[in-house]
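*Asks:* Requesting a structural model of the entry that follows:
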Amino acid sequence: MANGDTRVRGLAARAGGWSARHRWAAVGIWVLFVVLAMGLGSAAGRVDVKDSDQLKGETHTAARIIEDAGIDEPAGETVLIQAKDGGVKATDAEFRAAVTAVVQAVEGTGKVTDVTSPYDTDTISKDGRSALVQFDMRGDAETAGERVEPVLKAVEGVQKEHGSLRIEEIGGASMMKTFDDAFGDDFKKAEYSAVPVALGILLIAFGALVAALLPVALAVTAIMATMGLMGVVSHVMPMSDTANSVMLLVGLAVGVDYCLFYLRREREEREAGHDAQTALRIAAATSGRAIIVSGVTVCVAMAGMLFTGLAEFEAMGLASLMVVAVAMVGSVTVLPALLSLLGGRVEKGRIPFLGRRRRSGNNDSRFWTAVLKAVLARPVISVVVAAGALLAIAAPAVGMKTQNLTLDQEFGDSLPIVQTYNRVNDAFPGGSEPAEVVVKADDINAPEVRDALAAFKAEAVASGASRGPVEIKLHDQQNLAFVYVPLVGGSDLDKAGASLEKLRDEVRPATLGKVDGVEAPITGQVAGSQDFNDQLAGAVIPVFAFVVVFAFLLMLLSFRSLTVAITSIVLNLLSVGAAYGILVAVFQHGWGASLVGAEGVGAIITWLPLFLFVILFGLSMDYHVFVVSRIREARLRGRTTRDAIQHGVVTTAGVVTSAAVIMVAVFAIFGTLSMQSMKQMGVGLAAAVLIDATIIRGVLLPAVMALLGERNWYLPKWLHRLPDLTHDESPETVARPVARDDEGERLGV
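*Replies:* All right, here's what the predicted structure looks like:
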């Protein structure tokens, strides 16, 4: 029926109808919104997360004390001077001459301060073959990488003059410069290449340039608007560069997906013989509704990050939530207006071969038709095989180990500075990443405080937590002292963590803890990693519970089916579990790591499991809501449950496959970066989306629904009073027979 009863209900249908009738107004409002958001964001500027707000616990306390005292800790640098063989010792004249040359060379640049000789600070290794010249960079630590090049060149010059020695520099500034040079452009290329990749896949999916450009245009404008909003919101909740990158990834994924769902349905209805107005109205009432349900579910999942108490996670969660909300609103408002304006011109710029294939009129997938035939013929076997395979893939996740990756784990041997890092740790365990004790007292020079500092320094070594040398820097005016303690264990975070615990639980209480009025929080990289792990562990259960419970409630209200809500959660958890298993197998155990250009680093970076859970739980709902909505729609039109399942899965297979391929391709780009943490994120996301769009939606979902039959739509009578947020009826639905069960009762689907 093309022009029958046109009644519609629901927000998506009404929004789409209004936009189609007032198309120029809808487009104008959207453009104005994007421009205003960008303008306000630019005027407000962005406030980034402070170091003192990054973590709770002792790391936060130490950062707060330093910040309140107005001390800007400089970027520390170290030059390793090491004999290449056992012939030269630190006591030899040649070695001493090299140390003197390094000191003079770095001082001569005018870029450094507080240069110390190893002969004054006793930073000479036990075997006498290695020594450290230490100094600080002048100026702001955050921009020290931009000023360190003259110092690096000065050290290289000394190296050329002393061929029998190894003379190498490492520190905060030199690492910053190295990483920016090696990976700064890498990240930008990955972000910039995501859009062309998505556009290329959309060209294949639609076979027409204009149709392919629409989803990309919607996603890009949603990202631009959100970037502006992030600037405004950052004055209430600070943002970060990481949040910006995550927002771009999520925004591109959902923006393209939502537009793809809508546009495909509108084209499908036109190919079925409906006029343009009716086709657009049906798309608004069906795909538009699925977009709102999916978008709200994704927003709820992203909101789970706000419960971690970690500033970085909160920034990522809020940024992702905003871009999903903006993309969702754009999909059900400006997109119908654009489709109404374009009309048949949406097919402009056809790709010859692809254009002919797309105009064939058959949207069903032959591959998925064959798969569904086998699945529905033997649903029990299909469930057992598919679920068994996913559980087997997920099994390695039971032994998951999480930690912040050390420099050598993160980059392997791909950078010379990593080798320097390893040499420093071998010669001076913990020397490259010492624990930092921030001691605050009413009078830092009081005799009892001085005695306690001396006792702490001696006990740190005597207890076995450190092999020294322990360095103390006094800030008399601020009544602060910084104590730097190289931890036994060095780059082995498990052993270094045990040394840290000894400092915190034994050494500190026995020394500094006995002086009234003294605060002595212990920070540093190892401490930060441990504090982060502790806080994240405490947030896991609340975040998981929040996301699962609210996703369940949203599915229950959206489909008015207890069965659909339960199966949705179970299938999504199975998908996430399989992604965890792949991560552990590849990156922790190294199984097949070389296939993705990775290494088995023995651990998963701490933040990734919770991040993946939230992102994947949200994004997988896109496909689930879209497929189940189509199945339910077919059931309402009078098809049997089995026929509805086949119709829903097969007719959505093309759009789900296209959307999944785009997501997998975009996420896989990040899997090509050299940093192991980015590889882990890219591979984890890509693998999970691939599993979700194939095994879950193509096999498990239809098999489970086929086994359940009419029980798919079960809703206990005591839940009938719940708000009715079910899928909008399309105009076509009204003319069809109402689906009823065997006893003639109208189905509550």
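
*Asks:* the strands in the stretch 1-150 of the chain, which residues?
*Replies:* Assigned by DSSP state E, counting those that start in this stretch, the stretch 1-150 of the chain shows strands spanning 76-83, 112-116, 130-137.

*Asks:* Now render the ones you listed as a markdown table, adding mean pLDDT, distance to residue 613 and mean neighbour count.
*Replies:* C-beta: built from backbone N, CA, C; applies to glycine. Below are the strands of the stretch 1-150 of the chain laid out as a markdown table (pLDDT from 0 to 100; distance: least, Cβ to Cβ, whole Å; neighbours: other Cβ atoms under 10 Å):
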| stretch | mean pLDDT | distance to residue 613 | mean neighbour count |
| --- | --- | --- | --- |
| strand 76-83 | 89 | 37 | 24 |
| strand 112-116 | 89 | 45 | 16 |
| strand 130-137 | 90 | 39 | 24 |
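
*Asks:* For those strands, give me a markdown table that also has distance to residue 152.
*Replies:* Written out in a markdown table, the entries for the strands of the stretch 1-150 of the chain read as follows (distance: least, Cβ to Cβ, whole Å):
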| stretch | distance to residue 152 |
| --- | --- |
| strand 76-83 | 9 |
| strand 112-116 | 11 |
| strand 130-137 | 11 |
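
*Asks:* And the ones you listed: which comes nearest residue 717?
*Replies:* strand 76-83 (69.1 Å; Cβ to Cβ).

*Asks:* What helices and strands are in contact with that closest one?
*Replies:* With contacts defined as 3 or more Cβ pairs under 8 Å, 6 or more residues apart in numbering; DSSP states H and E, strand 76-83 has these neighbours: helix 93-108, strand 130-137, strand 165-171, helix 172-179, helix 416-427.

*Asks:* Helix 93-108 and that strand, what's the angle between them?
*Replies:* Strand 76-83 and helix 93-108 are oriented at 160 degrees to each other (axes from the mean of the first three to the mean of the last three Cα atoms, to 10 degrees).

*Asks:* let's have the chain start at 43 instead
*Replies:* Okay, residue one is now 43; in that scheme the one you just asked about reads as strand 118-125.

*Asks:* Show residues contacting strand 118-125.
*Replies:* Contacts of strand 118-125 from elsewhere in the structure, counted by Cβ atoms under 8 Å, 6 or more residues apart in numbering, are 131, 137, 140-141, 144, 148, 154, 160, 171-179, 190, 193, 197, 206-216, 462, 465-466, 469, 473-474.

*Asks:* That strand pairs with which strands?
*Replies:* Strand pairing for strand 118-125, using DSSP bridges, gives strand 172-179 (antiparallel), strand 207-213 (antiparallel).

*Asks:* Tell me how far it lies from the chain's centre.
*Replies:* Averaging C-alpha positions (Cα atoms, centre = their mean, to the nearest Å) puts strand 118-125 35 Å from its chain's average.

*Asks:* same check, this time on stretch 431-446
*Replies:* What separates the centre of stretch 431-446 from the centre of its chain is 19 Å, taken as Cα atoms, centre = their mean.

*Asks:* list the buried ones in it?
*Replies:* For stretch 431-446, the neighbour count (16 or more other Cβ atoms under 10 Å) marks 432, 435, 436, 438, 439, 444, 445, 446 as buried.

*Asks:* Tell me the confidence at the residue lying closest to the fourth one once chain neighbours are set aside?
*Replies:* So the one you mean is residue 438. With Cβ to Cβ, 6 or more residues apart in numbering as the measure, residue 626 is the residue that lies nearest to residue 438, at 4.1 Å, once sequence neighbours are left out. As summarised for this prediction, residue 626 has a pLDDT of 92.

*Asks:* how about CSV for the buried residues of stretch 431-446, with pLDDT, secondary structure and distance to residue 558 added?
*Replies:* As requested, the buried residues of stretch 431-446 are exported to CSV (pLDDT from 0 to 100; DSSP: H, G, I helix; E, B strand; the rest coil; distance: Cβ to Cβ, whole Å):
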residue, pLDDT, secondary structure, distance to residue 558
432, 94, helix, 59
435, 94, helix, 57
436, 94, helix, 53
438, 93, helix, 51
439, 92, helix, 49
444, 82, strand, 39
445, 79, strand, 37
446, 77, coil, 35
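
*Asks:* Would you check that residue 260 makes contact with residue 303?
*Replies:* No - counting by Cβ atoms under 8 Å, no contact exists between residue 260 and residue 303, whose distance comes to 11.6 Å.

*Asks:* do you know how far the closest residue in space to residue 454 that isn't next to it in sequence is from residue 632?
*Replies:* Computed as Cβ to Cβ, 6+ apart, the closest residue to residue 454 that is not its neighbour in sequence is residue 641, at 5.5 Å. Distance, residue 641 to residue 632, using Cβ to Cβ, to the nearest Å: 7 Å.

*Asks:* next one: residue 515
*Replies:* Separation of residue 515 from residue 632 (Cβ to Cβ) stands at 41 Å.

*Asks:* Show me which helix runs longest in the protein.
*Replies:* With DSSP state H applied, the helix covering the greatest number of residues in the chain is identified as helix 567-601.

*Asks:* any idea which helix or strand of this protein has the worst average confidence?
*Replies:* Least confident helix or strand of the chain, by mean pLDDT, DSSP states H and E, is helix 394-400 with a mean of 55.

*Asks:* where are the low-confidence patches of this structure?
*Replies:* Applying pLDDT under 70 to the chain flags the ranges 43-52, 93-97, 128, 224-231, 233, 394-407, 455-456, 472-474, 532-534, 766-791.

*Asks:* make it 50
*Replies:* Counting by pLDDT under 50, the chain contains low-confidence residues at 43-50, 398-404, 769-791.

*Asks:* where does residue 541 fall, phi/psi-wise?
*Replies:* For residue 541, the backbone dihedrals are phi -60, psi -40 (criterion: degrees, to the nearest 10).

*Asks:* Residue 647 now?
*Replies:* As for residue 647, its main-chain torsions (degrees, to the nearest 10) stand at phi -60, psi 140.

*Asks:* That one - how many residues pack around it?
*Replies:* If you count neighbours by other Cβ atoms under 10 Å, residue 647 ends up with 23.

*Asks:* Would you confirm that it contacts residue 446?
*Replies:* Yes - if you go by Cβ under 8 Å, residue 647 and residue 446 touch, sitting 6.6 Å apart.

*Asks:* on that earlier part again, let's have the strands paired with strand 118-125 in JSON lines, adding distance to residue 605.
*Replies:* Supplementary listing: the strands paired with strand 118-125 in JSON lines, determined by distance: least, Cβ to Cβ, whole Å:
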{"stretch": "strand 172-179", "distance to residue 605": "63"}
{"stretch": "strand 207-213", "distance to residue 605": "59"}
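
*Asks:* So which of the ones you listed is nearest residue 483?
*Replies:* Distances from residue 483 to each of those were compared by Cβ to Cβ, and the smallest falls on strand 172-179, at 23.4 Å.

*Asks:* which ones are touching the residue sitting furthest away from the middle of the chain?
*Replies:* Relative to the mean C-alpha coordinate of the chain, counting by Cα atoms, centre = their mean, the farthest residue is residue 135 (52.9 Å). Contacts were defined as Cβ under 8 Å, 6+ apart; by that measure residue 135 touches no other residue.

*Asks:* I'd like to know how many residues surround the residue nearest to residue 617 when sequence neighbours are not counted.
*Replies:* Taking Cβ to Cβ, 6+ apart as the measure, residue 617 lies nearest to residue 734, with 4.6 Å between them; neighbours along the chain are not counted. Here the neighbour count serves as a burial measure; for residue 734 (other Cβ under 10 Å) it reads 30.
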